[in-house]
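Colleague: mind folding the following:
(2 chains)
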There are 2 protein chains.
Amino acid sequence: MLELCLKPIASRSKYAQIQSRLCQCEKRHNGSCDEFPFLREFKVSHPSVAKKIERDATMTTGASWKSQDAGLNRILRWVMLLSDDELLDFGINMSQLKPQVIAKLREKAASYVDCIEVAKKLTWLAYQMLDAPQPLAETSAYLVAHFEPMIPGSTTCIVCRKSLSFNLFAEARRGRAEIETGHMNPRSHKAHNVGFVHRECNIAQGQRTLQEFYSWIREILERAESNPIARNPDVQNHEVY
Amino acid sequence: MLELCLKPIASRSKYAQIQSRLCQCEKRHNGSCDEFPFLREFKVSHPSVAKKIERDATMTTGASWKSQDAGLNRILRWVMLLSDDELLDFGINMSQLKPQVIAKLREKAASYVDCIEVAKKLTWLAYQMLDAPQPLAETSAYLVAHFEPMIPGSTTCIVCRKSLSFNLFAEARRGRAEIETGHMNPRSHKAHNVGFVHRECNIAQGQRTLQEFYSWIREILERAESNPIARNPDVQNHEVY
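Modeller: The predicted structure follows:
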């Protein structure tokens, strides 16, 4: 078992009083404290991947479907654990938001510990994608100590179970990433529940748990097979035009 | 076979020179000409349903994902059959739009005849939903002459094949309808290819044809069943916190 440093890291963020960011390096480590030591290599070789993992792990998404609420699109997930009254002290007036925005933000709330473990899990998974860079032995040992031995190329989309290529991180359509962070149960932001997912698979899953999604599509196939669209007449009188 | 009036209906729209709107009443009908005689009852009893059918049948959706292009969100589908040069005469400069907006608009192009037949098909389907109002004998005869006899309650979502209730038209989440007009092949706006679909089913189908969608979800189930997520370790050292 890996023992971690867990010393608080100095921060000027107004949210630091809610939760100190903690050093995730091994206990008695050399060098300065670091909250994301497992992301050091990606930060150099693939900074957008490092940024995505950190962001998806720690930040809510929120109200992307309503641009007027975009101010709360990204907020630390553990801040959303505070009560409405506590949030007022940080200038966040939840009562001014629409009910569905509040619900979405609150649903994305997660503890600091869970967020950090999610970041580690996503990093562990990213290194096991096809075409992924090889981690340094130090990083590999750190991640393996948290999870399980790494099997190169073993990371699949949590929904469709196809192998994922690390190169998908660089691809985007309509300005949106082709690969997203997904949740087997959309309402639980914990390491064992997260993984990477094709954008279109994530969209298809929607608010269902993975098991609900599989049941749903199984029933669709059963209905489609037992009930082909027989009553689908084309228009009868095109010839009158 | 029903013979239609098809007299041009006077219009002040600048697009009338591209395509006259044609009377769809039966030939030698009484009263004034009407492009949507089959929607007359819905226009009185359920105006939003009538409006939705007319809009979905005749208008593109377009660039809803980019608000700055929203000006072209709704345009007559047959206008999108014109060339870029012809569109310039109507003040539409396609070259100023983003490639993906152009592609989406052009994909939604359809002939006037196809749009009108789609409106009839959707009306025919709406009357066959659970909880739907009964059409007047005149309207029923008109629609049946175009398609097939009506079977009350027989209309299903084209994707998931569950029965659809007419009451779904009145429901909306996040300001979006629960029921949408869908296409078995998303790139063909013809009567035999359209139907109603749950919003979430439409989203899951995405740009796939219905057959592609069913193949896709069948393969997902095969992979999920042969490859349960075994390698999904929870974090190992929560206890150090």
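Colleague: what's the closest non-adjacent residue to A:Lys120?
Modeller: A:His146 (5.3 Å; C-beta to C-beta, 6 or more residues apart in numbering or on different chains). Using the backbone N, CA and C atoms, a C-beta is placed for each residue, glycine as well.
Colleague: centre-most residue in chain A?
Modeller: Residue closest to the mean C-alpha point of chain A, counted by C-alpha atoms, centre = their mean, is A:Thr181 at 3.2 Å.
Colleague: that one should be in a helix, yeah?
Modeller: No: under DSSP: H, G, I helix; E, B strand; the rest coil, A:Thr181 sits outside any helix and is assigned strand.
Colleague: list the contacts of it.
Modeller: A:Lys52, A:Ile53, A:Asp56, A:Ala57, A:Leu122, A:Val194, A:Gly195, A:Phe196, A:Val197 (C-beta atoms under 8 Å, 6 or more residues apart in numbering or on different chains).
Colleague: going by distance to chain B, which of these wins?
Modeller: Nearest to chain B, judged by C-beta to the nearest C-beta, of those is A:Gly195 at 7.7 Å.
Colleague: which residues of chain A score low on pLDDT?
Modeller: For chain A, the stretches flagged by pLDDT under 70 are A:62-73, A:172-175, A:228-241.
Colleague: do a quick rundown of the helices in chain A.
Modeller: A:40-45, A:47-58, A:84-88, A:99-107, A:112-127, A:137-146, A:199-205, A:210-226 (DSSP state H).
Colleague: please identify the most buried of these.
Modeller: helix A:112-127 (a mean of 23; mean count of other C-beta atoms under 10 Å in any protein chain shown).
Colleague: what is that one packed up against?
Modeller: Secondary-structure packing of helix A:112-127 (3 or more C-beta pairs under 8 Å, 6 or more residues apart in numbering or on different chains; DSSP states H and E): strand A:21-22, helix A:47-58, helix A:137-146, strand A:194-198.
Colleague: so is the longest one next to chain B?
Modeller: No: looking at helix A:47-58 against chain B by C-beta under 8 Å from any C-beta of the partner chain, there are no contacts, and the closest approach is 12.2 Å.
Colleague: enumerate every residue touching A:Arg55.
Modeller: Here A:Arg55 is in contact with A:Arg74 (C-beta under 8 Å, 6+ apart).
Colleague: which non-adjacent residue is nearest A:Asp84?
Modeller: A:Asp84 sits nearest to A:Met94 (C-beta to C-beta, 6+ apart), 4.7 Å away.
Colleague: pretty sure the one you found sits against A:Leu87.
Modeller: Yes: judged on C-beta atoms under 8 Å, A:Met94 makes contact with A:Leu87 at a distance of 5.8 Å.
Colleague: could I get the buried residue list for stretch A:152-165?
Modeller: If you call a residue buried by 16 or more other C-beta atoms under 10 Å in any protein chain shown, then stretch A:152-165 has these buried ones: A:Thr155, A:Thr156, A:Cys157, A:Ile158, A:Val159, A:Cys160, A:Arg161, A:Leu164, A:Ser165.
Colleague: could you measure the fifth one against B:Ser215, distance?
Modeller: To tie it back to what came earlier, the one meant is A:Val159. Plainly put, A:Val159 is 16 Å away from B:Ser215 if you go by C-beta to C-beta, to the nearest Å.
Colleague: the second one now?
Modeller: From A:Thr156 over to B:Ser215 the distance is 19 Å, taken as C-beta to C-beta.
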